[in-house]
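Chemist: Using only what follows, build the 3D model:
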Amino acid sequence: MQRNSFSWLLTSFLTVTFWLGSYFLSTVHAGVNRWTSNGPNLPGVQVLAIAPSNAQIVYAGTNRGSFKSTSGGLNWTQRLNPDPRLDILIGKSIQAIAVDPKDAQIVYVGVPGEGVYKSTDGGVNWTIMKTGLTDLFINTLVIDPLATTTIYAGVSSGVFKSNDGAGNWGPVSTGLNGAIISSLAIDPSAPAILYAGTTTGVYRTANGGGRWVLRSTGLPPGTFIKAIAVARSSPQILYIGTDGGGCSRVSTGAAIGPP
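Modeler: Numbering: from 1, shown residues only. Okay, the predicted model is just below:
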């Protein structure tokens, strides 16, 4: 089975998705060695996002559009709008999803080559939000958990930031040196601190993207970071998944220190 992407959700459970469409769930903490298939197969799952304010609401991005579950992944719906002409995400490849930490009805998705789409009604209607986005190849999205109108988008040429709920975007890529951003993670206790997984290692910013510094001590040069996550209960712990190199757990005070 070919694995395309995975999501470490460091709360009360973990989820993993696979390219062929299977969706697996574990209901125990780290250290598990057994996974169970949960819910029906979905077409080419590429990304998952659980609503922080309601763990029963899960969004799945696939290579044929977005799906939503309100039952913790047991049942899924794609066509949420009764008017098929308004289902503008049907058939599109969804590479990134971010759900507003305070309002599960507000959802952002990234479509490579098109930009960011936003829904304010739980995925029924979508609006393209790309003003200021000069790079439309969206790989990852994260939201500030405190100021939820602040959103970061990782693209093929760096990072863009919006302070008004995706209405307007601007580049915040100083120090990234043109690196392709594959994943972003935000410190839940200090949201000005973010980590970027790139094709050349891990970068860190301590001022909301104003300046990025390469922090890859201990990693082989040029390590491609495919996935990155901050432990919510212990934000000083960072997990990274690499292309061909497995997963690593590091302390942000050690291998990846402050700038």
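Chemist: rest of the way, CA atoms for contacts and neighbours
Modeler: OK.
Chemist: distance of residue 192 from residue 212?
Modeler: Relative to residue 212, residue 192 is positioned 12 Å away (C-alpha to C-alpha, to the nearest Å).
Chemist: hey, what's in contact with both of those two?
Modeler: Contact with both residue 192 and residue 212 is made by residues 205, 206, according to C-alpha atoms under 8 Å, 6 or more residues apart in numbering.
Chemist: okay, those two: which has more neighbours?
Modeler: residue 212 (23 against 15; other C-alpha atoms under 10 Å).
Chemist: Just the pLDDT for that one.
Modeler: Residue 212 is assigned 97 on the pLDDT scale.
Chemist: ok, it - contacts?
Modeler: 173, 174, 175, 176, 203, 204, 205, 206.
Chemist: Now go through those residues and say which are in strands.
Modeler: Among those, the ones falling in strands (DSSP state E) are 203, 204, 205.
Chemist: ok, the last one - contacts?
Modeler: Right, residue 205. If you count contacts by C-alpha under 8 Å, 6+ apart, residue 205 has them with 192, 193, 194, 195, 211, 212, 213, 259.
Chemist: Out of those residues, grab the one that's most surrounded.
Modeler: residue 195 (26 neighbours).
Chemist: any idea which element that one lies in?
Modeler: strand 194-198 (DSSP states H and E).
Chemist: Export that strand to CSV, keeping only CA atoms.
Modeler: In CSV, the C-alpha atoms belonging to strand 194-198 read as follows (Å, rounded to 0.1, in the frame of the first residue of the first chain):
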residue,chain,number,x,y,z
LEU,A,194,6.0,28.2,13.7
TYR,A,195,7.9,25.4,12.2
ALA,A,196,8.2,24.7,8.5
GLY,A,197,9.0,21.3,7.0
THR,A,198,10.8,21.8,3.7
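Chemist: now for it, which elements pack on it?
Modeler: strand 181-186, strand 201-205, strand 225-230 (3 or more C-alpha pairs under 8 Å, 6 or more residues apart in numbering; DSSP states H and E).
Chemist: ok, the last one: who's next to it in the sheet?
Modeler: Meaning strand 225-230. According to DSSP bridges, strand 225-230 forms sheet pairs with strand 237-242 (antiparallel).
Chemist: What pairs with the helix or strand just after the partner strand, parallel or antiparallel?
Modeler: Next along the chain after strand 237-242, taking DSSP H and E as the criterion, comes strand 246-251. Taking DSSP bridges as the criterion, strand 246-251 pairs within the sheet with strand 237-242 (antiparallel).
Chemist: buried stuff in the partner strand?
Modeler: Within strand 237-242, the residues that count as buried by 16 or more other C-alpha atoms under 10 Å are 237, 238, 239, 240, 241, 242.
Chemist: Now do that strand, average pLDDT.
Modeler: For strand 237-242, the per-residue pLDDT averages 87.
Chemist: Check stretch 175-192 too.
Modeler: Stretch 175-192 comes out at a mean pLDDT of 94.
Chemist: returning to what we had before: so of the contacts of residue 205, which two are at opposite extremes in space?
Modeler: Farthest pair in those (C-alpha to C-alpha) is 192 and 213. Separation: 13.9 Å.
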